[in-house]
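Q: Whatever this is, show me its structure:
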Amino acid sequence: MAPSTLSIIILSSFLLFSLSNAQTKPQAFTFPIKKDATTKQYYTTIQVGSNSTTLDTVVDLGGKFLYFYSDEYLNAASSYRPILCGTRQCEIANGVGCIFCFLKPPQPGCTNNTCSDYALNPFSGTQGYSGLGQDVLRVRSTRGALYPLNNFPFQFSDPVLREELAGPAAGLIGLGRTRVSLQGQLASAFKIREKFALCLPSSAGSDGNLIIGDTTYVSPFEEISKNSFFTTPLVKNPVSTDMNEVIGNFTAEYFINVKSIKVDSTTLSLNKTLLSINKKDGSGGTSIRTVRPYTGLSKSIYRALVNEFVKAAASQNIKRVAAVAPFGACFDYKTVTTSKTGPNVPIIDFVLQNKDVYWRFYGASSMVLVSADVICLAFVEGQINLTGPTTSIVVGGYQLENHLLEFDVKSSKLRFSPSLLLINTSCSKFGAS
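A: Take a look at the predicted model:
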């Protein structure tokens, strides 16, 4: 018997609906990144809650989750819901204990039987302990459409955690190895790959970009990703770098294996044990952090780098001058020539798993102008970590600028480009096609 006209109409409608859904399902999301001129912090803008409260949040590559304080959100938080203790959401968030708060009516930051955790301000060192909640986060796909990400977990924190954040920032958003990070939640909700591309701007006058998911990049970035990327494993530190961090048995931060450091063709003489992660106490190794303005090196590594760099600079007739804190080696800018990759100074290489895989820092990434006449080596002596094990090398934001980095969390790999200045482009031009 021939199918009825009604059956054909129903089947056709179903196929069109399925096709429409397949075409509109987002594959990637975009978050423009700005740089604050005063603090050198990188931040993005998000929309939270039923009233779409707009907030600027500092981007923390090793942060666990989103936290913020906002009077505007507090006064319009009709869709806020606490994450209760003992629930699946609390388990996913790796909550640390419960908070009981009996304010009537309850409000963000004060709800009863609430799954709680510590939040760290990485600039002031202040930690806060507060309840976790959830609300809708509106995210923009690389095609331009806005999508609701329901039940997005975050902490409505104490306002003290805003101290020393970039002026416009209400809080901090984490991209660390957790299930409640921004990319972790997007991957889970939209069934996309847990992967993100990060391209930090070098000035306050231009935007960089964060793209979460799989997409095609605009030219020349697509060609760079296919032909010029280096690939290195992301390694896990088995010990938390934050004494209050509970993420299974490893830190939320991203680590890579730096095997040696070179200045031009000279390999530094280093204590190699500092370059590896101590599996017992978690010290050593190399992490990547957007919340550190410059790359910090443990004292012996820093001294070796400064000594060799000064020696190599002298061979180029670059005159050393008095140091300007926090930098340990500064030079007369008039004795430095420039090129498209910045000041012509000795090249610094972080050599990774073998001699053919290295992170190269040209002058634009290794030098910073501190006055009209003085330019300094943009690496600093690292500080002791008072809340956990001390990492030997922490690659900071200045060295990340104008490099395209892809963090494939799923396969635990980092893919990164050489300096974008080599091909006359920058992070201000990075985006999805």
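Q: Quick check: Phe65 touching Ala93?
A: Yes: at 7.1 Å, Phe65 counts as touching Ala93 under the criterion of C-beta atoms under 8 Å. Quick note: C-beta positions are derived from backbone N, CA and C, even for glycine.
Q: shared neighbours of the two, anything?
A: 117, 132, 153, 180 (C-beta atoms under 8 Å, 6 or more residues apart in numbering).
Q: how about the second one, what does it touch?
A: Right, the one you point to is Leu132. 65, 82-83, 89-90, 93, 95, 114-117, 153-155.
Q: For it, give its distance to Glu194.
A: 21 Å (C-beta to C-beta, to the nearest Å).
Q: Over to the first one?
A: As for Asp117, its distance to Glu194 is 21 Å (criterion: C-beta to C-beta).
Q: These two - which one has more neighbours?
A: Per other C-beta atoms under 10 Å, whichever of Asp117 and Glu194 has more neighbours is Asp117, with 26 against 20.
Q: Provide the secondary structure category for the more buried one.
A: strand (DSSP: H, G, I helix; E, B strand; the rest coil).
Q: Pro153 is in contact with that one, correct?
A: No: Asp117 is beyond contact range of Pro153, at 9.7 Å (criterion: C-beta under 8 Å).
Q: Quick check: neighbours shared by these two?
A: 65, 93, 132.
Q: what residue is smack in the middle of this protein?
A: Leu61 (2.4 Å; C-alpha atoms, centre = their mean).
Q: After whichever strand or helix holds Leu132, which helix or strand is next? Please name it.
A: Per DSSP states H and E, Leu132 falls inside strand 127-140. Per DSSP H and E, the first helix or strand lying C-terminal to strand 127-140 is strand 146-156.
Q: In CSV, could you pull the C-alpha coordinates for that next one?
A: Taking Å, rounded to 0.1, in the frame of the first residue of the first chain, the C-alpha atoms of strand 146-156 are listed here in CSV:
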residue,chain,number,x,y,z
LEU,A,146,24.0,33.1,21.4
TYR,A,147,23.3,29.9,23.4
PRO,A,148,22.2,29.4,27.0
LEU,A,149,24.5,27.2,29.0
ASN,A,150,22.1,26.2,31.8
ASN,A,151,23.2,25.3,35.4
PHE,A,152,26.6,26.8,35.0
PRO,A,153,28.5,26.3,38.3
PHE,A,154,30.3,29.2,40.0
GLN,A,155,31.0,30.8,43.3
PHE,A,156,29.4,34.1,44.3
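Q: on that earlier part again, looking at the contacts of Leu132, which has the smallest pLDDT value?
A: When the contacts of Leu132 are sorted by pLDDT, the bottom entry is Gly95 at 90.
Q: Wasn't that one part of a helix?
A: No: residue state for Gly95 (three-state DSSP) corresponds to coil; a helix is not indicated.
Q: Quick one: low-confidence residue ranges for the stretch 101-250 of the chain.
A: 242-250 (pLDDT under 70).
Q: where along it do the helices fall?
A: Under the criterion DSSP state H, counting those that start in this stretch, the stretch 101-250 of the chain contains helices at 182-190, 221-227.
Q: what's the closest of those helices to Phe327?
A: helix 221-227 (30.5 Å; C-beta to C-beta).
Q: Show residues contacting the closest one.
A: Taking C-beta under 8 Å, 6+ apart as the rule, helix 221-227 contacts 216-217, 404, 406, 415, 417, 420, 423, 425, 429-431, 433.
Q: Now list the buried members of these.
A: By neighbour count, with 16 or more other C-beta atoms under 10 Å, the contacts of helix 221-227 hold 217, 404, 406, 415, 417, 420, 425, 429-431 as buried.
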